[in-house]
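Visitor: Provide a 3D model corresponding to the input given below.
(2 chains)
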There are 2 protein chains.
Amino acid sequence: MPDTSSRANGERVLADLNALRTIGAYKTGVHKPTFSEPHKLSLDWLVRKLPDAGLSAAIDGIGNVFGTSAKSGPKLLAGSHLESQNYAGWLDGPLGVVYALEAARVLNADPSLKGAVEVAAWCDEEGHFGHFLGSRSYVGQVTEADIDAARDRTSGRTMRDALTDMGLAGRPRIAAEPGRHVGYLEAHIEQGDTLESGRLAIGVVTSIVGIWQYQINFVGEQNHAGTTRMAARKDAGLALAKFCVEIDARFPDTSGPRTVWTTGRIALDPGAPSIIPGAAEMLFQIRDDDPSVVPRLEELLRSMAAEVSANGPCTVTVEKLRTGAPAMMNAGIQDAIEAASKALAGGRSVRMPSGAGHDAQMLATVMPAGMLFVPSIGGVSHHWTENTADADIVTGAQVFVDACRRILGG
Amino acid sequence: MPDTSSRANGERVLADLNALRTIGAYKTGVHKPTFSEPHKLSLDWLVRKLPDAGLSAAIDGIGNVFGTSAKSGPKLLAGSHLESQNYAGWLDGPLGVVYALEAARVLNADPSLKGAVEVAAWCDEEGHFGHFLGSRSYVGQVTEADIDAARDRTSGRTMRDALTDMGLAGRPRIAAEPGRHVGYLEAHIEQGDTLESGRLAIGVVTSIVGIWQYQINFVGEQNHAGTTRMAARKDAGLALAKFCVEIDARFPDTSGPRTVWTTGRIALDPGAPSIIPGAAEMLFQIRDDDPSVVPRLEELLRSMAAEVSANGPCTVTVEKLRTGAPAMMNAGIQDAIEAASKALAGGRSVRMPSGAGHDAQMLATVMPAGMLFVPSIGGVSHHWTENTADADIVTGAQVFVDACRRILGG
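Guide: Residues are numbered from 1 along each chain as shown, chains lettered A, B, ... in the order given. Modelled structure (predicted):
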């Protein structure tokens, strides 16, 4: 049983989250793109708070914030991210950072506990400049050349220019120190409605799904929309539409029970009202926590493309942009979260996979990692209306701090 | 029979077209967006040339160039445009302007001929800022508020700023003077391969197709691409793809023999790889020279949209952006072109509708109008590889000048 004298302070957690919400506020959410002024102010806010938890604060050369402890004994790393999607929710990221800060405040000051919680805020989890650049840098997967090439997807600003504007150019990047941490714990809103609809308080994450991403390219023949007969056309846009419908018809027979697939972006070239598109492309994503399913779907995708190309009039090619093996969450950490839920949330927890990607999947490549979800009202995510009831936020903080204590052996 | 002493000078026509081609050259074509520097230089070139044809030159407040004659007798207006699509062909526009200039040079100097050819270069036929703004201004269909609202589709620059940069701000716009002209004649490359494949020299245009344009809007529910089960999705992008495929399946039963339809642009909102599109839109165009066909197709489109909305999970609305009644070309002018073809092109002409829009359709609202096509190699259009054989350009010029003479009663 935890020492109830050193539980999470729910009011302090809510006050911190509301303080971060006022920075870059947008309606009831926030707009804090990576390396924007509100993002910078949020990092500065955290740097000012970390000493209260007995931690030395530093921002490294890719914008990761670290709070490190001089205390002896085992160290648990905990955190999340502070930037947001554009015009999105207030809790996606900050919740995990504030829980980590609270765990450090509560546990690092506890003389009965050996070891300490260290805090991280990973930069650009939301992918404005790349793909988990902060946590991937920490686990050694980002080269200087990757940073040279990175640009803000919206503004086109280079990451180098942004780092210079942030005053971070030339700073070393901090890398994972083998053996330093017993594990990594991250809290996040669920971004789905499993917990809410089951009247549950805590999701114990078992795995983070892998994300496979493809660009599917269609090539036809660009022509004048007024002077080219229907029979003579090679309309790349129509070929794309047919391919989307075909995926919708054929994927269910080959997919697994939790597979999801999405066409998130479509572009026709040249994209003018009076020109038959000569080329078209779509961004297509498959997610699954079962790594055996996706190769079957990828094979289906490629055979469908070959079929279309053979039958004409357009050709289709499938280009894989990203292969994402699912990340398994550590069993001991799952047990610790479940035990903490039993102690402090009446056992209202469920083990579940995460359909969304998180920094924890990167951390899982170098240390035992775990995640805890709190309910998200209506399952809303990546939208400024995203929200969680205050009571759920507080319960989540209590379970999180207690889980940290258990992982540290307290 | 025409007076053979005053025929078109083929070498002069080719030299003029090649002079215009060097201004804003791009590969073997040109890049002359409306109000770009190369466009301005091309207008200036024409202004310098018009006095050789006995015409006074002026540029009006919307960028139209006019060459007007003080000669007595009937006046025929002839012309086309000098700006180009982006990175497009050298003849689309300039051919008709140089033919008009040549007709004026040959015929206005002919003492045996009463009347004169006047020349116009209509601004922005290619629609960088709007929809036939120059010729529509001349026929009285453009308000000052329309100009206030017009912006370059590529750069976003306002038309007012562009007119100021061109030195045209505050100049009056020249409007059609009722009774001044016996008609309007325009030459253009075919933008299709009917003439080339039939080994013909001249297309006698019978009508210009109407263009109906629609924005079709799909509304679903934006959601996280990882955490939303397939069965729970309301994917607006998928609804759009299905709608395109449905159009492809159902339109042929209701369309006419020359109807064409095109989806030129598709946008998913928000258009991110990990977000299920909550909204989507497509730009959809129908063209026909038979005005009875399109209302049937529009009704089908609306009933399809109602069907989809009723069945869910997304709703579809059809918004009409533009109604384009087809423009009939004047029968007397068609006869004059055909007679000129018989005299100077061995009768290698065919009567045909124009699938593309042209300034002549605007002029047809205020005076008898006609068009003449010359062959286009491979039917290429709106691409820098667009071209016409020199011999066909020269034959076209001879037929054009002779047709002008005939229309003027010479």
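
Visitor: Next, count neighbours for the residue of the stretch 51-200 of chain A found nearest chain B.
Guide: Ranked by C-beta to the nearest C-beta, the top residue of the stretch 51-200 of chain A for proximity to chain B is residue A:192, at 3.7 Å. (Glycine included, C-beta is placed from N, CA and C.) Residue A:192 is flanked by 26 other residues according to other C-beta atoms under 10 Å in any protein chain shown.

Visitor: Near the closest residue to it other than its chain neighbours, how many other residues are there?
Guide: In space, residue A:192 comes closest to residue B:227 once its chain neighbours are excluded; the distance is 3.7 Å by C-beta to C-beta, 6 or more residues apart in numbering or on different chains. When neighbours are defined as other C-beta under 10 Å, residue B:227 has 25 of them.

Visitor: cool, the one 10 residues further on as well?
Guide: When neighbours are defined as other C-beta under 10 Å, residue B:237 has 28 of them.

Visitor: what do you get for residue A:180?
Guide: Neighbours of residue A:180 (other C-beta under 10 Å): 12.

Visitor: list the contacts for it?
Guide: Contacts for residue A:180 were tallied using C-beta atoms under 8 Å, 6 or more residues apart in numbering or on different chains; they are residue A:75.

Visitor: quick one: pLDDT of it?
Guide: pLDDT, residue A:180: 97.

Visitor: Kindly report the same for residue A:239.
Guide: 98.

Visitor: what do you get for residue A:144?
Guide: Looking at residue A:144, the pLDDT reads 97.

Visitor: Residue A:351 too?
Guide: Value for residue A:351, per-residue pLDDT: 97.

Visitor: The one 5 residues further on too?
Guide: The predicted structure scores residue A:356 at 91 on the pLDDT scale.

Visitor: same deal with residue A:3?
Guide: Per-residue confidence (pLDDT) for residue A:3: 47.

Visitor: burial measure for residue A:156, as a count.
Guide: When neighbours are counted by other C-beta under 10 Å, residue A:156 comes out with 7.

Visitor: and it, which of the three is it?
Guide: coil (DSSP: H, G, I helix; E, B strand; the rest coil).

Visitor: Wait, the residue of the stretch 51-200 of chain A closest to chain B touches residue B:224, no?
Guide: Yes. Distance between residue A:192 and residue B:224: 7.1 Å, which falls inside the contact criterion (C-beta atoms under 8 Å).

Visitor: anything in contact with each of the two?
Guide: A:355, A:381.

Visitor: quick one: pLDDT of the residue of the stretch 51-200 of chain A closest to chain B?
Guide: Predicted confidence (pLDDT) for residue A:192: 88.

Visitor: Need the three-state assignment for it.
Guide: Recorded secondary structure, residue A:192: coil (three-state DSSP).

Visitor: what's the burial count for the closest residue in space to residue A:35 that isn't next to it in sequence?
Guide: Among residues not flanking residue A:35 along the chain, residue A:162 sits closest, at 4.0 Å (C-beta to C-beta, 6+ apart). Using other C-beta under 10 Å, the number of residues around residue A:162 comes to 25.

Visitor: Give me the distance between the helix or strand residue A:162 falls within and the centre of its chain.
Guide: Per DSSP states H and E: residue A:162 is located in helix A:159-165. Distance of helix A:159-165 from the chain centroid (C-alpha atoms, centre = their mean, to the nearest Å) equals 22 Å.
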